[in-house]
Each structure stands twice: as structure tokens, then as C-alpha cells.
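# A predicted structure for the sequence below; I have some questions about it.
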Amino acid sequence: MIDILFCGNVGVFDGVLTCTLSVLRRTKSQEPLTLHVFTMDVSHLDPKYTPVTDEQIGFLQEVLQSYNKQSRVIKYDVTDYYMQYFSGCPNEGAYCSPFTLIRLFADLVDGIPDKLLYLDTDIMFNRDIMLLWNIDISRYEYAAANDHYGKYLINPRYINAGVILFNMKRCRETGLFDKAREWIRRKKLTFADQSAIIRSTTKKKLLPQRYNDQKFLHRHTIVRHFSKRLFWLPYPHTDNIKQYHVEKVHNVFRYHQFDDILDEYLRLKEEFNKRSRDV
């Protein structure tokens, strides 16, 4: 079983769907997947901060089981944990949203296995997920790759927390998540959860950039992370192009390596929208 953790609100559906399809289409193994989805209702902070819906979860499970009947999707409502630990904390207005913080409850939620792959929802697998999943992390709390910009601007070993392979057994022993939650509760951090994880780490395994490539797509790239990036032309600016922005993926990045995945995504998204309209 490959266990993947996604976190977010109702708006992460397109990201989770495209990322999941990339895993399914690029992986040769018949190993079933379990998607663990952490979500919550904090609409008192912003009307769009509502949970992933049961309809979205059900549809994702249909897609997974069309590839492997043993795969499944599990939704966890972590609202109570959020209100207990982070409500009103200095990082509640995090650089993305409060939903970036909720993976820090992974040690508290029942049913989370001893090995867990956390993924941001703007991720696409270019190669087989087993190249990442099979990495030996028995002596580490987690494995992660450098942050593309942070390795130059902050520290050569500064990691990007968008792709983390967690040894949950070791994390529970060292108290990594508990320490990270304490950082979030008491101090405003530049990159919130990412900063908290880095400050709480006892021992990590640093992976090559191809396991979380935030700027380029090479033949050897295993994970392409569609995070916000800097463009120099036609003038210096940043843009936040996601993998499901299909026209921009084609016209700006000039990527066609994911066309089989994106074609299926567009078909499935239309099917999901049609069902929603018919309800």
C-alpha cells in the first residue's frame, strides 16, 4: 500500500485529481493507493475555507478504483484539532492559507500509517512514484529535496516541504510534529509550516532536486512541482501556474509530457461537473 497525504479546502479538487492521475499513469506497480485527505471548516476566517466535499471524495475514489479496486480515499475532518491548537495563532494568516498548517496533525489523527508521503496539490509525477516511495528512511524522520530558491538564499540544505516522505514512527518518537505545532503557536514564521518543520527536525535525508523540481522539467525529473516561480521575460515577474491551467502549461511552459494525464483530467472534470449540475 502506498499512503499519500493531501491537505486543503474544497478548492484543491483539481490539484488532487491531476496529481493522482499522474501517479496512476506513471507508475508500473500494481500496489494500491490510499489517499488520506485532511480538511476542515474555517469559513469564519474566509467564506471559501470550506471542507473538501463528500462528492469530491467519492469521485476521487471512483477514479482510483478504476485503476485498482483495492485503492481508497479517506477524508479526515481536522477542524477540532485546528481550533484547539492553531485558532488565533500568529500563523493563522499564513502565506497561503490556514490549510497549509494542518499536515502538522498527522501524528494525532488515528489511522495514519508509519510511512506517509505528503504532497502539495500542485504536484505532477513525471516518473514512477516507486522511485520516491521505496527510498530507505528508516534512520530519518523524513526525506525531502532542496527548495530551489532557498538553497541559494537561505541555506544549501534548506528543504522544500511540498514533497516529504515521512517516517511517522520516528517522527512520533522524536516529537517532530509536536515541536512544529509549538513553533506555529508561539512565533510568526516566514514560511509557517515549512519553517516549523525545518526548525523541529532532528535528522533528515536530503534528496536530489529531481524529486521535487520547482522550476524545470527534465527527462530525469521524478516530481514536477508547479509552485510560484520567477520569470525574467518579457519583464521580471512571478506567476503561479498550476498543472491544471492547461493552456498556460502548453503556451508558457511548452510542456506536452503530461498531455495524456491532462486529457483524462479534462474529461473527468467535465463528468464531475455534469453530475453536479444534474443533482
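Arrived safely.
# When you work out contacts or count neighbours from here on, use the C-alpha atoms and nothing else.
Will do.
# Helix or strand next in line after the worst-scoring helix or strand of the chain on mean pLDDT, which one?
Scoring the helices and strands of the chain by mean pLDDT, DSSP states H and E places helix 150-153 at the bottom, with a mean of 54. Where DSSP states H and E defines the elements, the next helix or strand beyond helix 150-153 is strand 163-167.
# Just the mean pLDDT for that next one, thanks.
Mean pLDDT, strand 163-167: 97.
# One more: stretch 214-225?
92.
# Tell me which helix or strand Arg181 sits in.
Using DSSP H and E, Arg181 falls in helix 176-186.
# list the buried ones in that helix?
Neighbour counts using 16 or more other Cα atoms under 10 Å place 176-181, 183-185 of helix 176-186 among the buried residues.
# Just give the number of residues close to Asp260.
When neighbours are counted by other Cα atoms under 10 Å, Asp260 registers 12.
# Doesn't it belong to a strand?
No - assigned with DSSP: H, G, I helix; E, B strand; the rest coil, Asp260 falls outside any strand and is helix.
# And it, how close does it get to Asn251?
17 Å (Cα to Cα, to the nearest Å).
# How about Asp193?
33 Å.
# Kindly report the same for Gly111.
From Gly111 over to Asn251 (counting by Cα to Cα), the distance is 42 Å.
# swap in Tyr244?
13 Å.
# Same drill for the two, tell me which one is more crowded.
Higher neighbour count among Tyr244 and Asn251: Tyr244, with 20 against 10, using other Cα under 10 Å.
# ok, the more buried one touching Thr18?
Yes - contact criterion Cα atoms under 8 Å: Tyr244 and Thr18 qualify, at 6.9 Å.
# Can you show me the strands along the stretch 151-279 of the chain?
163-167, 204-207, 223-225, 229-231, 237-239 (DSSP state E, counting those that start in this stretch).
# Report the distance from the third one to the chain centre.
Meaning strand 223-225. 11 Å (Cα atoms, centre = their mean, to the nearest Å).
# please renumber so the chain begins at 50
Fine by me, first position is 50 from now on; the one you just mentioned is strand 272-274.
# That strand: which residues count as buried?
Counting neighbours by 16+ other Cα under 10 Å, strand 272-274 gives 272-274 as buried.
# will you turn those into a markdown table that also has distance to Ile186?
Formatted as a markdown table, the buried residues of strand 272-274 follow (distance: Cα to Cα, whole Å):
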| residue | distance to Ile186 |
| --- | --- |
| Val272 | 18 |
| Arg273 | 22 |
| His274 | 22 |
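# Skipping its backbone neighbours, what lies nearest Thr99 in space?
Asp90 (4.7 Å; Cα to Cα, 6 or more residues apart in numbering).
# From what I see, Glu134 and Arg234 are in contact.
No Glu there; residue 134 is Tyr. Yes - using Cα under 8 Å, Tyr134 is in contact with Arg234, at 7.0 Å.
# Any idea how many residues pack against Cys145?
11.
# Please apply the same query to Glu222.
9.
# separation between it and Leu166?
18 Å.
# Quick check on Cys68: phi, psi?
Backbone torsions of Cys68, given as degrees, to the nearest 10, read phi -60, psi -50.
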